[in-house]
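> prediction below, plus the sequence it came from.
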2 protein chains.
Amino acid sequence: MHILILGGDGYLGWPTAMHFSNLGHDVTVVDNYFRRDACDELDVGMLFAVPALPDRAKIWHELTGKEIKVVIGDLTDPEIMRSLFDGSVQYEWSVDSSFSGIPETVVHYAEQPSAPYSLMDYKRANITISNNLLVTNNLMFALRDLAPETHMVKLGTMGEYGTPNVDIEEGWLDVEHKGRKERFLFPRQASSIYHTSKIMDTDLLWFGVRMWNLRVTDLMQGPVYGIETDETAMDPRLRTIFNYDEVFGTVINRFVVQSVTGYPLTVYGKGGQTRGYLNIRDTLQCVTKAVETTAKPGELRIYNQIMETFSVNELADKIANIGRERGHSVEIQQLENPRKEAEEHYYNPTYQGLIELGVEPHYLTDEVLNGMFAVVEEHKDAIRKDVIFKGIKW
Amino acid sequence: MHILILGGDGYLGWPTAMHFSNLGHDVTVVDNYFRRDACDELDVGMLFAVPALPDRAKIWHELTGKEIKVVIGDLTDPEIMRSLFDGSVQYEWSVDSSFSGIPETVVHYAEQPSAPYSLMDYKRANITISNNLLVTNNLMFALRDLAPETHMVKLGTMGEYGTPNVDIEEGWLDVEHKGRKERFLFPRQASSIYHTSKIMDTDLLWFGVRMWNLRVTDLMQGPVYGIETDETAMDPRLRTIFNYDEVFGTVINRFVVQSVTGYPLTVYGKGGQTRGYLNIRDTLQCVTKAVETTAKPGELRIYNQIMETFSVNELADKIANIGRERGHSVEIQQLENPRKEAEEHYYNPTYQGLIELGVEPHYLTDEVLNGMFAVVEEHKDAIRKDVIFKGIKW
């Protein structure tokens, strides 16, 4: 199968590309280095440097003999998006520069992924909205016009649902109202501009699916943690981007780094904020199952992509315990919440769909955390304490 | 009160500006001529020419002694939006060029308003999404940063709800699910990119209201008909833009023009598509009541802004009857539906809120239709049959 990965340079994109390449698929990755450029601009640092995308692909080819074709381009430009389907694409790196053909599957990760980034100022809010929606819209029109059979696997977020006072279902809600029935998209209400842009993506895809019989799987993912996958572990140069700052670092990754460097674990407010989490290895499993099972024409198939739920207090305690066992001096510090969010709330999401497809969860065990600590400790000297906290408010 | 009207050159914007000016308010209008430029570009024609916005304001001033300040600028540029609140604004026309002060109310009409336009091609879909969302987002941030007390009155659309199989409430739905309760935004599912962009606006405003205590009234309006208001009738040069083509002409306005010019009334498919409609005079009443009553800080107040519902078949019959009485030869022609939409469906929206605020509906009576016919007949020679139908599909 030819699989196109949009945002193939990112934390999830690059491991996903290698994973599918390793499974024997033809893989093309596209990226415009938005994440790297933003990290440079904000000077937030990374735990270790990673090679540029064509260099990563070259190293992958040297090690495995497998080709991942690389396109560098901004997918908010519809002509660049369409070139990936009509064969006029220019590869930045490839072994064989001929077109791989219309992809059977597109994995769409090409979005600005940070809630704090989206709320730094109005310019970055606009960048988040226009980048995320124009990429999704360009992809939707390219599929309609050039590849109507192609399956889109899109990354949504559990944050689209917010924290309602009722159980969260997988994408849909059956409503009975005044004696009549309707099945609706589960109502969405997010707590950042980033998360709201993902709601808007869902609105757009629900339009495209109904109007044009597109095939779409939308994965409502929780915050991901982890550093290694089978493929990134093959060679240090194949590692994925790992951020530990407030803007691009997800909470578990960040707390492990804070523990190692002696920076207090920063809990916002009461710390009862509960979310669903998953290991980066499970992201790969989930996306693989989604790709292998496809969605039907005219189907918006939605899964909640999390494996277990924790409050921030639970995470801080878990990580502090392991950190202390490993000889680090770890403090937990409660800060006044810089965000407007419920600090204690009902939270009961359903997340059975991907398990039923065969995903076998990795849980946040002591062993998993010890593995993360071991990698972070190797890079302890590279950690910059000054970038961890930016004090972004909303 | 100082009232800022974004999109003040449009079909609704200009009559709204004059209406508030006539009521004694200070009015500032902003526009970038998007609608006029699009009409030129698509060569769709207008029933009669209207002066440029500064000229309209000048004529209004000559006739009434009242000032409507005019700003020409693109509100997707956040600096232009912010200049309207921080006093650095440059007026294109005014009597007194000093800043009118922070507006107490902003009426936000500054959006690409056409469903067919949004689906002509992927470029215009992108223009619709980025224009509508960036203007709304820029306004939201400007209010947060510079005018937190200002009331935003935003034009939504009944099309956000689509045609669900349950009664449509005014903005919200109380859900009981597995023994627990939550009040959600009424689930939305639109049938064009334009209508979907309005859903996204609602998502964005619901974020801003919850996070930043903004005051927002969102008016879910149905298709508007009518040519005249008390103020446009004062002088032919004060008339509002009137389109009769498939892209920018709303259905009742278009059917009246088609009847006068002998072009068959084009019913798509079975013609059972039912929507809520209102007279342009009632748009002014509704917006006025919304402005006068304001929303509370942190409130997203939603009204369904329609006065009665009709199927397309009912409209065609009504208009054909009056047309024939006036001596026109009117045919009704059923076309294969170029759109994907339910042609027969349940439709039972609630629309009591604005009536309770004191709006007194004008209905689509024979008298009202005869009044519209009379104006269109005066301009019969100017009607271009070739622009009525464009065959835009989705």
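Sure, I can see it. Numbers count the residues shown, from 1 in each chain, chains lettered A, B, ... in the order given.

> so which residues on the stretch 251-394 of chain A come close to chain B?
By the rule Cβ under 8 Å from any Cβ of the partner chain, the part of the stretch 251-394 of chain A lying against chain B is A:340, A:346, A:394. Where C-beta positions appear, they are placed from N, C-alpha and C, glycine not excepted.

> nearest to residue B:350, of these?
Nearest to residue B:350 among those, counting by Cβ to Cβ, is residue A:346 at 28.7 Å.

> which SS state does that closest one fall under?
Three-state assignment for residue A:346 (DSSP: H, G, I helix; E, B strand; the rest coil): coil.

> pretty sure it contacts residue B:178?
No: look at residue A:346 against residue B:178 with Cβ atoms under 8 Å: they stay out of range, at 11.4 Å.

> still on that earlier bit, are any of the residues of the stretch 251-394 of chain A next to chain B buried, and which?
residue A:394 (16 or more other Cβ atoms under 10 Å in any protein chain shown).

> residues contacting the residue nearest to residue A:250 when sequence neighbours are not counted?
Leaving aside its sequence neighbours, residue A:250 sits nearest to residue A:223 (Cβ to Cβ, 6 or more residues apart in numbering or on different chains; 4.4 Å). By Cβ atoms under 8 Å, 6 or more residues apart in numbering or on different chains, the contact list for residue A:223 reads A:250, A:251, A:252, A:275, A:277.

> hang on, the last one packs against residue A:309?
What that stands for is residue A:277. Yes: the pair residue A:277 and residue A:309 qualifies as a contact (Cβ under 8 Å) at a distance of 7.3 Å.

> compare the two and say which is more crowded by neighbours.
Neighbour count, other Cβ atoms under 10 Å in any protein chain shown: between residue A:277 and residue A:309, residue A:277 has more, with 23 against 16.

> mind checking pLDDT for the closest residue to that one other than its chain neighbours?
In space, and not counting its chain neighbours, residue A:277 is closest to residue A:222: 5.1 Å by Cβ to Cβ, 6+ apart. Here the pLDDT value assigned to residue A:222 is 98.

> hmm, back to that, common neighbours of residue A:346 and residue B:178, please.
When contacts are counted by Cβ under 8 Å, 6+ apart, the set common to residue A:346 and residue B:178 consists of residue A:166.

> picking that back up, which of the contacts of residue A:223 lies closest to chain B?
Checking the contacts of residue A:223 against chain B with Cβ to the nearest Cβ, the nearest one is residue A:275 at 18.0 Å.

> which parts of the helix or strand containing the closest one are buried?
Using DSSP states H and E, residue A:275 maps to strand A:274-279. Residues of strand A:274-279 classed as buried: A:274, A:275, A:276, A:277, A:278, A:279 (neighbour count, 16+ other Cβ under 10 Å).

> and the nearest residue to the fifth one once chain neighbours are set aside, how many neighbours?
Leaving aside its chain neighbours, residue A:278 sits nearest to residue A:307 (4.5 Å; criterion: Cβ to Cβ, 6+ apart). Counted with other Cβ under 10 Å, the neighbours of residue A:307 add up to 21.

> so who does residue A:307 touch?
Taking Cβ under 8 Å, 6+ apart, we find residue A:307 in contact with A:276, A:277, A:278, A:279, A:282, A:351, A:361, A:362, A:363.

> turn the residues you listed into a markdown table, including pLDDT.
Putting those into a markdown table (pLDDT from 0 to 100) gives the following:
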| residue | pLDDT |
| --- | --- |
| A:276 | 98 |
| A:277 | 98 |
| A:278 | 98 |
| A:279 | 98 |
| A:282 | 98 |
| A:351 | 97 |
| A:361 | 98 |
| A:362 | 97 |
| A:363 | 98 |
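
> nearest to chain B among those residues?
Minimum distance to chain B across the contacts of residue A:307 is 15.7 Å, recorded for residue A:351 (Cβ to the nearest Cβ).

> and the closest residue to residue A:328 other than its chain neighbours, what element?
Spatially, and ignoring its direct neighbours in sequence, residue A:328 is nearest to residue A:259 (5.2 Å; Cβ to Cβ, 6+ apart). Per DSSP H and E, residue A:259 falls inside helix A:251-261.

> do you have the helices of the stretch 151-300 of chain A handy? List them.
Ranges of helices within the stretch 151-300 of chain A are A:193-212, A:251-261, A:280-293, based on DSSP state H, counting those that start in this stretch.

> including distance to residue A:119, could these go into JSON lines?
Below are those laid out as JSON lines (distance: least, Cβ to Cβ, whole Å):
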{"stretch": "helix A:193-212", "distance to residue A:119": "6"}
{"stretch": "helix A:251-261", "distance to residue A:119": "16"}
{"stretch": "helix A:280-293", "distance to residue A:119": "24"}
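
> could I get the ones you listed in a markdown table, plus columns for mean neighbour count and distance to residue A:373?
Output for the helices of the stretch 151-300 of chain A, formatted as a markdown table (neighbours: other Cβ atoms under 10 Å in any protein chain shown; distance: least, Cβ to Cβ, whole Å):
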| stretch | mean neighbour count | distance to residue A:373 |
| --- | --- | --- |
| helix A:193-212 | 24 | 28 |
| helix A:251-261 | 24 | 6 |
| helix A:280-293 | 21 | 16 |
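
> quick one: closest of these to residue A:22.
The closest of the helices of the stretch 151-300 of chain A to residue A:22 is helix A:280-293. By Cβ to Cβ, the value is 10.1 Å.

> just the C-alpha atoms of the strand holding residue A:275, please, in CSV.
Presented in CSV, the C-alpha positions along strand A:274-279 are these (Å, rounded to 0.1, in the frame of the first residue of the first chain):
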residue,chain,number,x,y,z
THR,A,274,-8.2,14.3,34.3
ARG,A,275,-7.4,13.2,30.8
GLY,A,276,-6.8,10.1,28.8
TYR,A,277,-3.2,9.2,27.9
LEU,A,278,-1.3,6.8,25.6
ASN,A,279,2.2,5.5,24.8
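
> can you name every helix or strand that that strand contacts?
Where contact means 3 or more Cβ pairs under 8 Å, 6 or more residues apart in numbering or on different chains; DSSP states H and E, strand A:274-279 is packed against strand A:224-225, strand A:308-311.

> of all those strands, which one is nearest residue B:390?
Set against residue B:390 and scored by Cβ to Cβ, the helices and strands packed on strand A:274-279 come closest in strand A:224-225, at 46.5 Å.

> which residues sit against the closest one?
Contacts with strand A:224-225, where a contact means Cβ under 8 Å, 6+ apart, come from A:11-12, A:250-253, A:277-280, A:283, A:364, A:372.

> now those in TSV, with distance to residue B:138?
Formatted as TSV, these follow (distance: Cβ to Cβ, whole Å):
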residue	distance to residue B:138
A:11	30
A:12	31
A:250	29
A:251	31
A:252	35
A:253	33
A:277	35
A:278	35
A:279	39
A:280	36
A:283	34
A:364	41
A:372	41
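
> from those, which is closest to residue B:212?
Nearest to residue B:212 among these is residue A:251, at 24.0 Å by Cβ to Cβ.

> just give the nearest non-adjacent residue to the closest one, would you?
According to Cβ to Cβ, 6+ apart, the nearest residue to residue A:251 is residue A:223 (5.9 Å).

> quick one: buried residues of stretch A:29-46?
For stretch A:29-46, burial by neighbour count (16+ other Cβ under 10 Å) applies to A:29-32, A:34-36, A:38-39, A:42, A:44-46.

> sorry, slip of the keys, the one I care about is stretch A:379-386.
Using 16+ other Cβ under 10 Å as the test for burial, stretch A:379-386 gives A:379, A:383.

> please state the offset of it from the chain centre?
In terms of Cα atoms, centre = their mean, to the nearest Å, the centre of stretch A:379-386 is set 24 Å apart from its chain centre.

> CA atoms only for it - export them in PDB, please.
Output in PDB follows, covering the C-alpha atoms of stretch A:379-386 (Å, rounded to 0.1, in the frame of the first residue of the first chain):
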ATOM      1  CA  HIS A 379      20.800  13.600  28.100                       C
ATOM      2  CA  LYS A 380      20.700  15.300  31.500                       C
ATOM      3  CA  ASP A 381      23.500  17.700  30.600                       C
ATOM      4  CA  ALA A 382      21.600  19.000  27.600                       C
ATOM      5  CA  ILE A 383      18.400  20.000  29.500                       C
ATOM      6  CA  ARG A 384      17.800  23.700  29.700                       C
ATOM      7  CA  LYS A 385      15.900  24.600  32.800                       C
ATOM      8  CA  ASP A 386      15.100  28.100  31.500                       C
END
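
> I am finished for the moment; much appreciated.
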